[in-house]
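>>> starting from these lines, generate the structure:
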Amino acid sequence: MTRFFLIASLCFWLGSTLSGQEPVSVMVNFEHDTFNLLESEKTKINEQVLGLDAEIITLSLLGHTDSDGADAYNLDLSRKRVNTVKSYLVLAGIDESVISTSFFGERNPVSDNETETGKYLNRRVEIIIITSHPKVIVEDIVNEPPYTDSKVAEISEPNPPPPQKKDTTISQGLLQITMNNEEYEKLKDCLVFTPILDAEAALENNYTTITVNNRRLASCGMIKIELKEPCEGCFDHPVKIRYPALKPQCLVCDFVNIYSWSEGGGWESRPEESLEKLEINGKDYYEMTVICPGSKNCDCLVESIPVKFNFPEEYKVIKMNVVSDCPLVNYPLVQKSDKKHQMIGELPCELAGRKSYAYFTVVNEQKDTIEIRKVKLNDFRHSIKKKCKYHLEGRFLGVFPKYRDKIFVRYRLKPKMMTRLEEKSKRYK
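The predicted structure is shown next:
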(Lines give C-alpha, C1' and ligand atoms only; values in the text may rest on other atoms or scores of the structure.)
Protein backbone atom coordinates (compact mmCIF):
# COMPACT_ATOMS: atom_id res chain seq x y z
CA MET A 1 0.00 0.00 0.00
CA THR A 2 2.87 2.37 0.82
CA ARG A 3 4.46 1.53 -2.52
CA PHE A 4 1.19 2.36 -4.26
CA PHE A 5 0.99 5.67 -2.38
CA LEU A 6 4.51 6.58 -3.55
CA ILE A 7 3.68 5.63 -7.15
CA ALA A 8 0.49 7.70 -7.00
CA SER A 9 2.43 10.68 -5.66
CA LEU A 10 5.03 10.28 -8.41
CA CYS A 11 2.30 10.26 -11.04
CA PHE A 12 0.86 13.49 -9.64
CA TRP A 13 4.33 15.10 -9.74
CA LEU A 14 4.97 13.96 -13.34
CA GLY A 15 1.52 15.17 -14.41
CA SER A 16 2.09 18.57 -12.87
CA THR A 17 5.56 18.82 -14.39
CA LEU A 18 4.28 18.04 -17.88
CA SER A 19 1.43 20.51 -17.52
CA GLY A 20 3.79 23.20 -16.30
CA GLN A 21 1.75 23.73 -13.16
CA GLU A 22 2.49 23.09 -9.51
CA PRO A 23 -0.34 20.97 -8.08
CA VAL A 24 -2.71 22.61 -5.64
CA SER A 25 -2.99 20.57 -2.43
CA VAL A 26 -5.84 20.91 0.09
CA MET A 27 -6.23 18.89 3.30
CA VAL A 28 -9.78 18.13 4.49
CA ASN A 29 -9.93 16.81 8.06
CA PHE A 30 -12.57 14.75 9.89
CA GLU A 31 -13.74 14.09 13.42
CA HIS A 32 -13.07 10.73 15.07
CA ASP A 33 -14.74 7.72 13.38
CA THR A 34 -16.88 9.83 11.01
CA PHE A 35 -17.01 10.54 7.29
CA ASN A 36 -19.30 13.57 7.37
CA LEU A 37 -17.88 16.92 6.30
CA LEU A 38 -17.45 19.56 8.98
CA GLU A 39 -18.71 23.06 8.15
CA SER A 40 -15.17 24.42 8.46
CA GLU A 41 -13.94 21.87 5.90
CA LYS A 42 -16.79 22.70 3.51
CA THR A 43 -15.69 26.34 3.68
CA LYS A 44 -12.12 25.25 2.95
CA ILE A 45 -13.26 23.30 -0.12
CA ASN A 46 -15.44 26.16 -1.33
CA GLU A 47 -12.60 28.67 -1.07
CA GLN A 48 -9.53 26.61 -2.07
CA VAL A 49 -10.99 24.17 -4.61
CA LEU A 50 -14.25 25.50 -6.00
CA GLY A 51 -12.83 29.03 -5.98
CA LEU A 52 -9.96 28.26 -8.36
CA ASP A 53 -9.86 30.45 -11.48
CA ALA A 54 -8.00 27.96 -13.69
CA GLU A 55 -9.65 24.96 -15.34
CA ILE A 56 -9.17 21.70 -13.43
CA ILE A 57 -7.49 19.00 -15.56
CA THR A 58 -7.21 16.31 -12.86
CA LEU A 59 -8.36 16.17 -9.26
CA SER A 60 -7.13 13.33 -7.06
CA LEU A 61 -8.64 12.35 -3.70
CA LEU A 62 -6.52 10.37 -1.23
CA GLY A 63 -8.28 9.11 1.90
CA HIS A 64 -6.62 8.43 5.28
CA THR A 65 -7.48 7.68 8.93
CA ASP A 66 -5.72 7.70 12.29
CA SER A 67 -4.53 4.43 13.85
CA ASP A 68 -7.58 3.84 16.09
CA GLY A 69 -9.48 0.72 15.08
CA ALA A 70 -8.73 -2.34 12.95
CA ASP A 71 -6.90 -2.08 9.61
CA ALA A 72 -9.86 -3.31 7.54
CA TYR A 73 -12.28 -0.93 9.27
CA ASN A 74 -9.96 2.04 8.74
CA LEU A 75 -9.46 1.16 5.08
CA ASP A 76 -13.23 1.20 4.57
CA LEU A 77 -13.57 4.42 6.59
CA SER A 78 -10.98 6.14 4.39
CA ARG A 79 -12.95 5.00 1.33
CA LYS A 80 -16.14 6.51 2.77
CA ARG A 81 -14.36 9.80 3.47
CA VAL A 82 -13.14 9.96 -0.13
CA ASN A 83 -16.65 9.27 -1.44
CA THR A 84 -18.10 12.00 0.77
CA VAL A 85 -15.68 14.60 -0.59
CA LYS A 86 -16.20 13.37 -4.15
CA SER A 87 -19.99 13.66 -3.86
CA TYR A 88 -19.69 17.17 -2.44
CA LEU A 89 -17.46 18.24 -5.35
CA VAL A 90 -19.66 16.66 -8.03
CA LEU A 91 -22.80 18.27 -6.63
CA ALA A 92 -20.95 21.59 -6.62
CA GLY A 93 -20.28 21.27 -10.35
CA ILE A 94 -16.88 19.54 -10.67
CA ASP A 95 -16.87 17.15 -13.65
CA GLU A 96 -16.76 13.61 -12.24
CA SER A 97 -14.61 12.45 -15.17
CA VAL A 98 -11.59 14.46 -13.91
CA ILE A 99 -11.74 12.95 -10.40
CA SER A 100 -9.71 9.93 -9.34
CA THR A 101 -9.88 8.31 -5.90
CA SER A 102 -7.55 6.26 -3.68
CA PHE A 103 -7.77 5.27 -0.02
CA PHE A 104 -5.08 4.01 2.33
CA GLY A 105 -6.59 3.61 5.81
CA GLU A 106 -4.01 4.31 8.52
CA ARG A 107 -0.94 3.42 6.44
CA ASN A 108 0.31 6.92 5.58
CA PRO A 109 0.14 9.26 8.60
CA VAL A 110 1.41 12.83 8.34
CA SER A 111 1.67 13.19 12.12
CA ASP A 112 1.96 11.02 15.22
CA ASN A 113 -0.99 8.98 16.48
CA GLU A 114 -0.15 9.55 20.14
CA THR A 115 -1.90 12.91 20.57
CA GLU A 116 -5.37 14.12 19.66
CA THR A 117 -3.86 16.84 17.47
CA GLY A 118 -1.77 14.30 15.58
CA LYS A 119 -4.74 12.00 15.09
CA TYR A 120 -6.87 14.87 13.81
CA LEU A 121 -4.22 15.73 11.20
CA ASN A 122 -4.12 12.08 10.09
CA ARG A 123 -7.92 11.88 9.67
CA ARG A 124 -7.93 13.52 6.26
CA VAL A 125 -8.65 13.46 2.57
CA GLU A 126 -5.94 15.04 0.45
CA ILE A 127 -7.24 16.91 -2.60
CA ILE A 128 -4.50 17.25 -5.22
CA ILE A 129 -5.43 19.40 -8.21
CA ILE A 130 -3.65 20.01 -11.51
CA THR A 131 -4.98 22.95 -13.50
CA SER A 132 -4.51 24.22 -17.05
CA HIS A 133 -1.90 26.81 -18.02
CA PRO A 134 -2.80 30.32 -16.93
CA LYS A 135 -2.45 33.17 -19.37
CA VAL A 136 1.20 34.12 -19.94
CA ILE A 137 2.14 37.83 -20.00
CA VAL A 138 5.25 38.60 -22.05
CA GLU A 139 6.96 42.00 -21.74
CA ASP A 140 7.62 43.53 -25.17
CA ILE A 141 10.94 44.93 -26.39
CA VAL A 142 10.27 48.52 -27.42
CA ASN A 143 10.91 49.56 -31.07
CA GLU A 144 12.61 46.31 -32.04
CA PRO A 145 11.11 44.46 -34.99
CA PRO A 146 9.09 42.35 -35.48
CA TYR A 147 7.17 43.74 -32.47
CA THR A 148 4.88 46.74 -32.53
CA ASP A 149 5.17 49.76 -30.26
CA SER A 150 2.88 48.06 -27.70
CA LYS A 151 4.51 47.62 -24.36
CA VAL A 152 2.81 44.27 -23.71
CA ALA A 153 1.78 41.42 -25.95
CA GLU A 154 -0.57 38.81 -24.53
CA ILE A 155 0.09 35.23 -25.51
CA SER A 156 -2.39 32.63 -24.44
CA GLU A 157 -2.53 28.96 -25.20
CA PRO A 158 -5.87 27.62 -26.42
CA ASN A 159 -7.76 25.77 -23.74
CA PRO A 160 -8.13 22.02 -24.32
CA PRO A 161 -11.65 20.91 -25.25
CA PRO A 162 -13.73 20.03 -22.17
CA PRO A 163 -13.81 16.32 -21.43
CA GLN A 164 -16.90 14.57 -22.68
CA LYS A 165 -19.45 13.98 -19.93
CA LYS A 166 -19.53 10.26 -19.12
CA ASP A 167 -22.44 10.17 -16.68
CA THR A 168 -26.04 11.33 -16.68
CA THR A 169 -27.86 12.29 -13.48
CA ILE A 170 -31.65 12.30 -13.45
CA SER A 171 -34.10 13.16 -10.68
CA GLN A 172 -37.21 11.10 -10.09
CA GLY A 173 -39.23 12.20 -7.08
CA LEU A 174 -37.02 11.71 -4.04
CA LEU A 175 -34.48 9.73 -6.07
CA GLN A 176 -31.35 11.01 -7.79
CA ILE A 177 -29.95 8.44 -10.24
CA THR A 178 -26.50 8.60 -11.85
CA MET A 179 -25.75 6.33 -14.82
CA ASN A 180 -23.23 6.04 -17.60
CA ASN A 181 -24.41 8.42 -20.35
CA GLU A 182 -24.31 5.92 -23.22
CA GLU A 183 -25.99 3.21 -21.16
CA TYR A 184 -28.74 5.55 -20.04
CA GLU A 185 -29.49 6.54 -23.64
CA LYS A 186 -29.72 2.86 -24.55
CA LEU A 187 -31.96 1.85 -21.60
CA LYS A 188 -34.01 4.97 -20.79
CA ASP A 189 -37.15 3.77 -22.58
CA CYS A 190 -37.32 0.47 -20.70
CA LEU A 191 -35.86 1.40 -17.29
CA VAL A 192 -38.20 2.11 -14.34
CA PHE A 193 -37.17 3.12 -10.80
CA THR A 194 -39.78 2.85 -8.03
CA PRO A 195 -38.95 4.12 -4.49
CA ILE A 196 -40.46 2.21 -1.56
CA LEU A 197 -39.68 4.44 1.38
CA ASP A 198 -42.65 3.91 3.73
CA ALA A 199 -44.71 1.05 5.14
CA GLU A 200 -47.75 1.68 2.94
CA ALA A 201 -45.60 1.32 -0.20
CA ALA A 202 -44.00 -1.87 1.18
CA LEU A 203 -47.44 -3.38 1.82
CA GLU A 204 -48.71 -2.39 -1.64
CA ASN A 205 -45.68 -4.03 -3.31
CA ASN A 206 -45.79 -7.10 -1.01
CA TYR A 207 -42.29 -6.52 0.35
CA THR A 208 -41.60 -7.71 3.89
CA THR A 209 -38.45 -6.96 5.89
CA ILE A 210 -37.44 -10.59 6.47
CA THR A 211 -34.46 -12.46 5.00
CA VAL A 212 -34.65 -15.75 3.13
CA ASN A 213 -33.44 -17.33 6.41
CA ASN A 214 -36.37 -15.78 8.34
CA ARG A 215 -34.24 -13.17 10.12
CA ARG A 216 -35.80 -9.79 10.89
CA LEU A 217 -34.47 -6.68 9.19
CA ALA A 218 -34.88 -2.95 9.68
CA SER A 219 -34.78 -1.02 6.40
CA CYS A 220 -33.60 2.45 5.46
CA GLY A 221 -35.40 2.26 2.12
CA MET A 222 -36.20 -0.03 -0.81
CA ILE A 223 -35.80 0.69 -4.53
CA LYS A 224 -37.41 -1.42 -7.25
CA ILE A 225 -35.41 -1.29 -10.51
CA GLU A 226 -37.19 -2.80 -13.51
CA LEU A 227 -35.88 -3.46 -17.01
CA LYS A 228 -38.83 -3.94 -19.35
CA GLU A 229 -38.61 -5.82 -22.63
CA PRO A 230 -36.65 -5.87 -24.85
CA CYS A 231 -33.94 -4.78 -22.38
CA GLU A 232 -32.38 -7.43 -20.15
CA GLY A 233 -29.31 -8.38 -18.12
CA CYS A 234 -27.13 -6.45 -15.67
CA PHE A 235 -25.74 -2.96 -16.15
CA ASP A 236 -22.43 -2.48 -17.97
CA HIS A 237 -21.53 0.28 -15.48
CA PRO A 238 -22.51 0.64 -11.79
CA VAL A 239 -25.63 2.73 -11.17
CA LYS A 240 -25.77 5.09 -8.18
CA ILE A 241 -29.11 5.85 -6.53
CA ARG A 242 -29.31 8.57 -3.89
CA TYR A 243 -32.27 9.37 -1.62
CA PRO A 244 -32.89 11.10 1.76
CA ALA A 245 -31.60 9.31 4.85
CA LEU A 246 -33.70 8.31 7.84
CA LYS A 247 -34.08 10.78 10.66
CA PRO A 248 -31.66 10.13 13.58
CA GLN A 249 -34.48 9.02 15.87
CA CYS A 250 -35.33 6.23 13.40
CA LEU A 251 -31.87 4.64 13.49
CA VAL A 252 -31.87 1.31 15.32
CA CYS A 253 -28.58 -0.03 13.88
CA ASP A 254 -25.88 0.76 11.32
CA PHE A 255 -27.31 0.46 7.82
CA VAL A 256 -24.39 -0.92 5.81
CA ASN A 257 -25.73 -3.78 3.66
CA ILE A 258 -27.59 -4.06 0.37
CA TYR A 259 -30.11 -6.90 0.00
CA SER A 260 -31.91 -8.12 -3.13
CA TRP A 261 -35.39 -9.64 -3.23
CA SER A 262 -35.25 -13.35 -4.07
CA GLU A 263 -37.68 -15.07 -6.44
CA GLY A 264 -38.89 -17.30 -3.60
CA GLY A 265 -39.56 -14.32 -1.31
CA GLY A 266 -37.32 -12.72 1.31
CA TRP A 267 -34.13 -10.71 1.07
CA GLU A 268 -30.63 -11.98 0.25
CA SER A 269 -27.43 -10.10 1.04
CA ARG A 270 -25.52 -8.63 -1.95
CA PRO A 271 -21.96 -7.92 -0.72
CA GLU A 272 -20.86 -6.90 -4.24
CA GLU A 273 -23.20 -3.89 -4.07
CA SER A 274 -22.51 -1.05 -1.66
CA LEU A 275 -24.22 1.59 0.46
CA GLU A 276 -22.82 4.94 1.54
CA LYS A 277 -24.21 7.64 3.81
CA LEU A 278 -23.38 11.14 2.60
CA GLU A 279 -23.84 14.62 3.99
CA ILE A 280 -24.57 17.18 1.28
CA ASN A 281 -25.37 20.80 2.11
CA GLY A 282 -26.19 19.87 5.69
CA LYS A 283 -28.59 17.04 4.73
CA ASP A 284 -27.98 13.29 4.99
CA TYR A 285 -28.48 10.93 2.07
CA TYR A 286 -28.04 7.23 1.35
CA GLU A 287 -26.35 6.23 -1.90
CA MET A 288 -26.77 2.71 -3.27
CA THR A 289 -24.33 1.46 -5.88
CA VAL A 290 -26.00 -1.39 -7.80
CA ILE A 291 -24.87 -3.53 -10.72
CA CYS A 292 -28.05 -5.40 -11.64
CA PRO A 293 -31.77 -4.55 -11.82
CA GLY A 294 -34.15 -5.97 -9.25
CA SER A 295 -35.56 -4.91 -5.89
CA LYS A 296 -32.90 -3.47 -3.58
CA ASN A 297 -33.09 -2.86 0.15
CA CYS A 298 -30.62 -1.21 2.52
CA ASP A 299 -30.95 -3.09 5.79
CA CYS A 300 -29.46 -4.25 9.01
CA LEU A 301 -30.31 -7.35 11.05
CA VAL A 302 -32.21 -6.85 14.31
CA GLU A 303 -32.85 -9.26 17.16
CA SER A 304 -36.46 -10.35 17.61
CA ILE A 305 -38.60 -12.09 20.21
CA PRO A 306 -41.77 -14.20 19.85
CA VAL A 307 -45.10 -12.37 19.92
CA LYS A 308 -48.72 -13.49 20.08
CA PHE A 309 -51.78 -11.41 19.16
CA ASN A 310 -55.11 -12.39 20.70
CA PHE A 311 -58.33 -11.20 19.06
CA PRO A 312 -61.87 -11.74 20.38
CA GLU A 313 -62.75 -15.42 19.86
CA GLU A 314 -65.71 -14.68 17.55
CA TYR A 315 -63.30 -13.39 14.89
CA LYS A 316 -61.17 -15.40 12.51
CA VAL A 317 -57.93 -13.62 11.54
CA ILE A 318 -56.93 -14.23 7.92
CA LYS A 319 -53.94 -11.94 7.49
CA MET A 320 -51.87 -9.61 9.67
CA ASN A 321 -48.81 -7.36 9.27
CA VAL A 322 -47.01 -5.18 11.80
CA VAL A 323 -45.36 -2.15 10.20
CA SER A 324 -43.48 1.04 10.99
CA ASP A 325 -42.06 3.97 9.02
CA CYS A 326 -39.38 4.79 11.60
CA PRO A 327 -37.48 2.62 10.74
CA LEU A 328 -39.19 1.04 7.72
CA VAL A 329 -40.35 -2.46 8.68
CA ASN A 330 -43.07 -4.86 7.52
CA TYR A 331 -43.42 -8.13 9.46
CA PRO A 332 -46.14 -10.62 8.51
CA LEU A 333 -47.63 -12.86 11.20
CA VAL A 334 -49.25 -16.27 10.77
CA GLN A 335 -52.35 -17.86 12.22
CA LYS A 336 -51.82 -20.23 15.12
CA SER A 337 -52.91 -23.62 13.87
CA ASP A 338 -55.35 -24.45 16.66
CA LYS A 339 -56.54 -20.90 17.39
CA LYS A 340 -58.14 -19.00 14.50
CA HIS A 341 -58.33 -15.82 16.58
CA GLN A 342 -54.59 -15.80 17.35
CA MET A 343 -51.64 -14.69 15.23
CA ILE A 344 -48.03 -15.47 16.09
CA GLY A 345 -44.65 -14.33 14.83
CA GLU A 346 -41.57 -12.38 15.86
CA LEU A 347 -40.98 -8.66 16.36
CA PRO A 348 -37.77 -6.79 17.22
CA CYS A 349 -37.45 -5.12 20.60
CA GLU A 350 -36.50 -1.93 18.72
CA LEU A 351 -40.20 -1.40 18.00
CA ALA A 352 -40.86 -0.82 21.70
CA GLY A 353 -41.97 2.76 22.23
CA ARG A 354 -42.03 3.54 18.48
CA LYS A 355 -44.97 4.40 16.24
CA SER A 356 -45.85 0.93 15.01
CA TYR A 357 -49.12 -0.20 13.47
CA ALA A 358 -51.04 -3.38 12.72
CA TYR A 359 -52.89 -4.06 9.46
CA PHE A 360 -55.16 -7.11 9.54
CA THR A 361 -58.06 -8.82 7.82
CA VAL A 362 -60.69 -10.68 9.85
CA VAL A 363 -63.98 -12.54 9.31
CA ASN A 364 -66.75 -11.85 11.82
CA GLU A 365 -69.63 -14.07 12.94
CA GLN A 366 -71.78 -12.84 10.05
CA LYS A 367 -69.10 -14.09 7.61
CA ASP A 368 -68.22 -10.53 6.62
CA THR A 369 -64.60 -10.02 5.59
CA ILE A 370 -63.28 -6.83 7.19
CA GLU A 371 -59.98 -5.13 6.35
CA ILE A 372 -58.69 -2.94 9.17
CA ARG A 373 -55.74 -0.62 8.60
CA LYS A 374 -53.24 1.22 10.73
CA VAL A 375 -54.20 0.24 14.28
CA LYS A 376 -51.64 1.50 16.78
CA LEU A 377 -49.90 -1.27 18.70
CA ASN A 378 -50.60 0.80 21.78
CA ASP A 379 -54.31 0.01 21.24
CA PHE A 380 -53.45 -3.58 22.15
CA ARG A 381 -52.75 -4.47 25.75
CA HIS A 382 -49.15 -5.64 25.90
CA SER A 383 -45.89 -5.53 27.83
CA ILE A 384 -43.20 -5.51 25.15
CA LYS A 385 -40.88 -3.11 26.99
CA LYS A 386 -40.72 -5.27 30.09
CA LYS A 387 -40.32 -8.53 28.18
CA CYS A 388 -37.65 -7.06 25.92
CA LYS A 389 -35.74 -5.84 28.94
CA TYR A 390 -35.76 -9.34 30.44
CA HIS A 391 -34.87 -10.84 27.07
CA LEU A 392 -31.94 -8.54 26.37
CA GLU A 393 -30.54 -8.68 29.89
CA GLY A 394 -30.95 -12.45 30.09
CA ARG A 395 -33.10 -12.35 33.22
CA PHE A 396 -35.16 -15.46 33.85
CA LEU A 397 -34.25 -16.89 30.44
CA GLY A 398 -30.65 -17.29 31.53
CA VAL A 399 -31.79 -19.35 34.49
CA PHE A 400 -34.33 -21.35 32.49
CA PRO A 401 -32.93 -21.49 28.93
CA LYS A 402 -35.40 -24.19 27.85
CA TYR A 403 -38.20 -21.60 28.10
CA ARG A 404 -36.48 -19.09 25.82
CA ASP A 405 -38.66 -19.87 22.77
CA LYS A 406 -41.84 -20.10 24.85
CA ILE A 407 -41.75 -16.61 26.35
CA PHE A 408 -44.13 -14.49 24.26
CA VAL A 409 -44.98 -10.85 24.30
CA ARG A 410 -48.77 -11.08 24.34
CA TYR A 411 -50.93 -8.49 22.64
CA ARG A 412 -54.67 -8.54 23.30
CA LEU A 413 -57.38 -6.59 21.51
CA LYS A 414 -60.44 -6.08 23.70
CA PRO A 415 -63.92 -6.85 22.23
CA LYS A 416 -65.03 -3.23 22.63
CA MET A 417 -62.00 -1.98 20.70
CA MET A 418 -62.55 -4.60 17.99
CA THR A 419 -66.21 -3.59 17.63
CA ARG A 420 -65.22 0.06 17.35
CA LEU A 421 -62.62 -0.73 14.66
CA GLU A 422 -65.12 -2.83 12.71
CA GLU A 423 -67.69 -0.02 12.71
CA LYS A 424 -65.05 2.47 11.63
CA SER A 425 -63.94 0.20 8.80
CA LYS A 426 -67.50 -0.16 7.47
CA ARG A 427 -68.08 3.58 7.71
CA TYR A 428 -65.08 4.38 5.49
CA LYS A 429 -65.67 1.70 2.87
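>>> need the contact list for Ser100.
Contacts here follow C-beta atoms under 8 Å, 6 or more residues apart in numbering; on that basis Ser100 touches Thr58, Leu59, Ser60, Leu61. (C-beta placed from N, C-alpha, C; glycine too.)
>>> bridging residues for it?
Ser60 (DSSP bridges).
>>> quick one: the helices in the protein, in order.
2-19, 39-48, 71-91, 116-122, 181-187, 199-204, 384-393, 415-427 (DSSP state H).
>>> ok so, going back, of the contacts of Ser100 - the most surrounded one?
Compared across those, Leu59 has the highest neighbour count, 25 neighbours, by other C-beta atoms under 10 Å.
>>> that one and Ile99 touch, don't they?
Yes - counting by C-beta atoms under 8 Å, Leu59 sits close enough to Ile99 to count as a contact (5.0 Å).
>>> which neighbours do these two have in common?
Leu89.
>>> quick one: contacts for the spatially closest residue to Glu279 that is not a sequence neighbour?
Distances taken as C-beta to C-beta, 6 or more residues apart in numbering place Asn36 nearest to Glu279, at 4.3 Å, with adjacent residues excluded. By C-beta under 8 Å, 6+ apart, the contact set of Asn36 is Phe30, Thr84, Glu279, Asp284.
>>> lowest-confidence one in the residues you listed?
Least confident of the contacts of Asn36 in the model: Glu279, at 83.
>>> who does that one form a beta bridge with?
Assigned bridge partners for Glu279, using DSSP bridges, are Asp284.
>>> likewise Thr169?
Where Thr169 sits in a bridge, its partners, by DSSP bridges, are Thr178.
>>> how much space is there between it and Asp68?
Remark: distance between Thr169 and Asp68 (C-beta to C-beta, to the nearest Å) = 36 Å.
>>> hang on, isn't Val252 packed against Leu217?
No - Val252 lies out of contact with Leu217 (C-beta under 8 Å); the separation is 10.5 Å.
>>> between these two, which contacts overlap?
Common neighbours of Val252 and Leu217, using C-beta under 8 Å, 6+ apart, are Cys300, Val302.
>>> who has more neighbours out of those two?
The neighbour count for Val252 versus Leu217, taken as other C-beta under 10 Å, is higher for Leu217 (27 against 20).
>>> in the sheet, who's paired with that one?
Bridge pairing for Leu217 (DSSP bridges) gives the partners Leu301.
>>> ok, it - contacts?
Per C-beta under 8 Å, 6+ apart, neighbours of Leu217: Thr209, Ile210, Thr211, Tyr259, Trp267, Asn297, Asp299, Cys300, Leu301, Val302, Val329.
>>> distance of it from Trp261?
Distance from Leu217 to Trp261, by C-beta to C-beta: 12 Å.
>>> identify the contacts common to those two.
Jointly contacting Leu217 and Trp261 under the rule C-beta under 8 Å, 6+ apart are Trp267, Asn297.
>>> ok so, going back, rank the helices of the chain by pLDDT, which is bottom?
Sorting the helices of the chain by mean pLDDT places helix 2-19 lowest, at a mean of 47.
>>> the contacts of Leu217 in strands, which ones?
Residues of the contacts of Leu217 located in strands (DSSP state E): Tyr259, Trp267, Asn297, Asp299, Cys300, Leu301, Val329.
>>> how about JSON lines for those residues, with distance to Gln366 and pLDDT added?
Putting the ones in strands among the contacts of Leu217 into JSON lines (distance: C-beta to C-beta, whole Å; pLDDT from 0 to 100) gives the following:
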{"residue": "Tyr259", "distance to Gln366": "42", "pLDDT": "89"}
{"residue": "Trp267", "distance to Gln366": "39", "pLDDT": "92"}
{"residue": "Asn297", "distance to Gln366": "40", "pLDDT": "90"}
{"residue": "Asp299", "distance to Gln366": "42", "pLDDT": "86"}
{"residue": "Cys300", "distance to Gln366": "44", "pLDDT": "85"}
{"residue": "Leu301", "distance to Gln366": "43", "pLDDT": "86"}
{"residue": "Val329", "distance to Gln366": "33", "pLDDT": "92"}
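>>> want to throw these into TSV with neighbour count and distance to Phe309?
Output for the ones in strands among the contacts of Leu217, formatted as TSV (neighbours: other C-beta atoms under 10 Å; distance: C-beta to C-beta, whole Å):
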residue	neighbour count	distance to Phe309
Tyr259	23	27
Trp267	26	24
Asn297	28	26
Asp299	28	24
Cys300	17	25
Leu301	15	23
Val329	28	16
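>>> between the residues you listed, which is closest to Ile291?
Nearest to Ile291 out of these is Tyr259 (C-beta to C-beta; 14.1 Å).
>>> distance of that closest one from His237?
22 Å.
>>> what bridges to Val239?
Counting by DSSP bridges, Val239 is bridged to Val290.
>>> partners of the closest residue to Leu377 other than its chain neighbours in the sheet?
Closest residue in space to Leu377, ignoring its immediate chain neighbours: Ser356 at 4.7 Å, by C-beta to C-beta, 6+ apart. For Ser356, the beta-bridge assignment (DSSP bridges) gives partners Ser324.
>>> and Ser356, how many residues sit next to it?
Ser356: 21 neighbours (other C-beta under 10 Å).
>>> contacts only, for it.
Val322, Val323, Ser324, Val329, Lys376, Leu377.
>>> top of the residues you listed by neighbour count?
Val329 (28 neighbours).
>>> isn't that one right up against Ala218?
Yes - taking C-beta under 8 Å as the definition, Val329 is a contact partner of Ala218 at 5.7 Å.
>>> identify the contacts common to the two.
When contacts are counted by C-beta under 8 Å, 6+ apart, Val329 and Ala218 are jointly contacted by Thr209, Pro348.
>>> distance of the residue lying closest to Asn214 once chain neighbours are set aside relative to Ser260?
The shortest distance from Asn214 to any non-neighbouring residue, by C-beta to C-beta, 6+ apart, is to Gly266 (7.6 Å). Gly266 sits 10 Å away from Ser260, going by C-beta to C-beta.
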